[in-house]
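J.: Quick one, structure for this:
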Amino acid sequence: MKKIIFIFLVFISKNSICQNNIVVPGNNLIATGIPDIPVAIKNDMQRYSESRSASFTAWHPLKKEILISTRFGNVPQLHQVKMPLGDRKQITFFDEPISDASYEPIKGNYFLFTKDIGGNEFGQIYRYDMSSGQVTLLTDGGRSQNGGIVWNEKGDQILFASTKRNGTDRDFYSMNPLMPESEKLMIQNVGGGWSIADWSSDNKKLLITQYISANESHYWIADVVSGVKVPLTDTTEKEISYGQGHFSKDGKGIFFETDKGSEFKRLAFMDLKTKAVNYLTNIPWDVESFDISKDGTQIVFVTNEAGESKMYQMSAADKKYKLISSIPSGVCGAPSFHNNGQDVAVSVSSARSSADVYVVNLFSGKCIRWTESEMGGIVSDDLSLPKLIKWKSFDNLEITGFYYPAAKKFSGKRPVIINIHGGPEGQSRPSFLGASNYYMNELGIVMIFPNVRGSTGYGKTFLKMDNGMKREESVQDIGALFNWIAQQPELDASRVMVTGGSYGGYMTLAVATHYNDKIRCALDVVGISNFNTFLKNTESYRRDLRRVEYGDERDSSMYAFLENISPLNNASKITKPMFIVQGGNDPRVPRTEAEQMANKIKSNGGTVWYLEAKDEGHGFRKKTNADFQRMATILFIKNYLL
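T.: Okay, the predicted model is just below:
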């Protein structure tokens, strides 16, 4: 009977709906091994899934108004906000999420944005005309990645990066956005890690970044007319990272981020004639983003200090800087100057508030909130505040993480969910958990977000400690966390679940094989099950970039090592229930990684739930899909953790 009902519902809706007091997956979802989900779970968690966030995308070049990305339907779209806490006027209406925009920089008559299909990450560039609302596709519309838009000073030309030539190498193209037929290949590159950092104000030079790995990148300078590029930094330096960079107003130097000569990225200035470098900050944390005013006189930069963001103001003339204290505490996005040189927009989130846009005036110091996103029925004061915890790993290395306690109404020893970030060059930070607050508030679960070795934010030595043959040492950091949990009187070490997405999904699978006796169950989201098959099947434009981190499988000894540590080849050690979630169009970790792991556990007689969305990529971005995943996760937790 269930099969007949499911077939009938396919013609009604692609989204999950309720039928006979159960939640039925839509035809875009492949759900195997998952029991019927009671409607009661949907009703219980609904208010936790309705919160929204707003992220800054662009200033209008003339008016003091902004574009933001926020969700009022199934996916985030672009909205126009003309004043602080003004109406959010939606201006894009697509089935796919839109989160970026770049105004034509002179009059703002149109803006450009990118959009893919079903999470496949083959983003195409579109033009939106403000007067008519007409949307025009500017790029090829095929299996190519297009983005990284940079404008010239006149606002009549863009440069962008694209893999359209062969699907692997990221080249640079020029175009007049009002005449898509003007597109021209400008600079041909080898490799997928190239991007345009900046275009000089005299339109003669480009600053180019060549990304090799999280530990290594280089700057190049290119002549706009000839397209010839030459190294600006020493390309033989193997463990120096160069981040965001901008030309000075006069074009004689560049401001940039680098960890050269330091554990952390500092803001620096290079004279392009002498190559002399002056380091401008001495804060023992990473400078992670910055912006320069249009007149070149002011700089704002954001640091990541133990996971929390701090924003500073610097004079470009004397290089002195000071903390901007009026911005709310939390985790900030990249700052962006308005053309007036005074107002800086930034998105900020915290444990008790989703992301919203704030504007700080550098001359008055006043910070004004521009958006106030709905919390969906969640009361901010009821949400857990994280605390920083520390433990020693197998080699005495100190590892840290953020601990979100269960709601105070729960007594006795509490179960634990360990949630491991992706990347691996990522970092768990004390930002808004959204619907995950349900676990602490309604199920009485403690959540721990560890930052194992290999995480960003703790210096470049820490960052490379899991590379190559050291891969499983980060797994041992979780093993040490199990020991820490067992020592905490309020925690129940016999009821622990591990989860994570992407690289965190690999970590979840690896922990499930190494520490099967320490967990009750595991949830793997778009995780790598075998590095060799992953490197074979991931998209070609990112394959070499991942080899630097994980190891080159073309080397026989590395291939053997990766086979040996593969969770797929150690799946017989998994006896606890496993939930695997995957996007059908994932270009990073292909669906084959999830499918082969689920099949192997099933063939071993293990319990495995499997959920795949045909219209998603590297994680679920559409609300209906994310809601079904969340409901299934709650049922999984109730069945196996609680």
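
J.: Have a look at the protein and report its longest helix.
T.: Of all segments of type helix in the chain, defined using DSSP state H, the longest is helix 623-640.

J.: can you tell me the average pLDDT over it?
T.: Helix 623-640 shows a mean pLDDT of 97.

J.: can you check stretch 432-447 too?
T.: Here the average pLDDT along stretch 432-447 is 96.

J.: cool, stretch 193-210 as well?
T.: Averaging pLDDT along stretch 193-210 yields 96.

J.: Alpha carbons of it, as PDB, please.
T.: Taking C-alpha atoms only, stretch 193-210 is exported to PDB below (Å, rounded to 0.1, in the frame of the first residue of the first chain):
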ATOM      1  CA  GLY A 193      43.400  27.400  -8.300                       C
ATOM      2  CA  TRP A 194      43.600  30.800 -10.200                       C
ATOM      3  CA  SER A 195      41.600  33.900  -9.300                       C
ATOM      4  CA  ILE A 196      41.700  37.600  -9.900                       C
ATOM      5  CA  ALA A 197      42.400  39.500  -6.700                       C
ATOM      6  CA  ASP A 198      42.200  43.100  -8.100                       C
ATOM      7  CA  TRP A 199      42.300  45.400 -11.100                       C
ATOM      8  CA  SER A 200      44.400  48.500 -10.700                       C
ATOM      9  CA  SER A 201      42.600  51.900 -10.900                       C
ATOM     10  CA  ASP A 202      44.600  52.900 -14.000                       C
ATOM     11  CA  ASN A 203      43.200  49.700 -15.700                       C
ATOM     12  CA  LYS A 204      46.700  48.600 -16.600                       C
ATOM     13  CA  LYS A 205      47.600  45.800 -14.100                       C
ATOM     14  CA  LEU A 206      45.900  42.800 -12.500                       C
ATOM     15  CA  LEU A 207      46.800  41.200  -9.200                       C
ATOM     16  CA  ILE A 208      46.300  37.400  -9.500                       C
ATOM     17  CA  THR A 209      46.300  34.700  -6.900                       C
ATOM     18  CA  GLN A 210      47.500  31.200  -7.600                       C
END
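
J.: buried set for that stretch?
T.: For stretch 193-210, a neighbour-count test (16 or more other C-beta atoms under 10 Å) marks 193-201, 205-210 as buried. All C-beta atoms are positioned from the backbone trio N, CA, C, and that covers glycine.

J.: Next: stretch 390-398.
T.: 391, 393, 397.

J.: Kindly report the same for stretch 350-363.
T.: 350, 351, 352, 353, 354, 355, 356, 357, 358, 359, 360, 362.

J.: Make sure residue 442 is actually in contact with residue 44.
T.: Yes: judged on C-beta atoms under 8 Å, residue 442 makes contact with residue 44 at a distance of 6.7 Å.

J.: before we move on, the earlier item: any chance of the buried residues of stretch 390-398 in JSON lines, plus secondary structure?
T.: Below are the buried residues of stretch 390-398 laid out as JSON lines (DSSP: H, G, I helix; E, B strand; the rest coil):
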{"residue": "391", "secondary structure": "strand"}
{"residue": "393", "secondary structure": "coil"}
{"residue": "397", "secondary structure": "coil"}
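
J.: any chance of these in CSV, with distance to residue 20 too?
T.: Listed next are the buried residues of stretch 390-398 as CSV, based on distance: C-beta to C-beta, whole Å:
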residue, distance to residue 20
391, 47
393, 50
397, 53
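
J.: Could you list the low-pLDDT ranges of the stretch 401-550 of the chain?
T.: Along the stretch 401-550 of the chain, no part satisfies pLDDT under 70.

J.: Can you show me the helices along it?
T.: 437-442, 460-463, 473-486, 503-514, 531-537, 540-550 (DSSP state H, counting those that start in this stretch).

J.: winner for burial among these?
T.: Of all the helices of the stretch 401-550 of the chain, helix 503-514 carries the top mean neighbour count, a mean of 27, counting by mean count of other C-beta atoms under 10 Å.

J.: Only alpha carbons, please: show it as CSV.
T.: C-alpha atoms of helix 503-514 as CSV (Å, rounded to 0.1, in the frame of the first residue of the first chain):
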residue,chain,number,x,y,z
TYR,A,503,35.6,16.1,5.3
GLY,A,504,33.7,16.0,8.5
GLY,A,505,31.8,13.1,6.9
TYR,A,506,35.1,11.3,6.3
MET,A,507,36.0,11.9,9.9
THR,A,508,32.6,10.5,11.0
LEU,A,509,33.2,7.3,9.0
ALA,A,510,36.7,7.0,10.2
VAL,A,511,35.7,7.5,13.9
ALA,A,512,33.0,4.9,13.3
THR,A,513,35.6,2.4,12.3
HIS,A,514,38.3,3.3,14.9
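
J.: and that helix, what other elements does it pack with?
T.: strand 414-420, helix 473-486, strand 491-501, strand 521-525 (3 or more C-beta pairs under 8 Å, 6 or more residues apart in numbering; DSSP states H and E).

J.: Can I get the ones you listed in CSV including distance to residue 543?
T.: Compiled in CSV, the helices and strands packed on helix 503-514 are given as follows (distance: least, C-beta to C-beta, whole Å):
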stretch, distance to residue 543
strand 414-420, 24
helix 473-486, 22
strand 491-501, 20
strand 521-525, 22
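
J.: Please identify which of the ones you listed is closest to residue 539.
T.: Residue 539 lies closest, by C-beta to C-beta, to one member of the helices and strands packed on helix 503-514: strand 491-501, at 17.9 Å.

J.: tell me the angle of the closest one relative to helix 473-486?
T.: Angle, strand 491-501 to helix 473-486, by axes from the mean of the first three to the mean of the last three C-alpha atoms, to 10 degrees: 150 degrees.

J.: contacts for strand 491-501?
T.: With contact meaning C-beta atoms under 8 Å, 6 or more residues apart in numbering, strand 491-501 is reached by 412-422, 446, 478, 482, 485-486, 506-508, 511-512, 518-527, 619, 637, 640-642.
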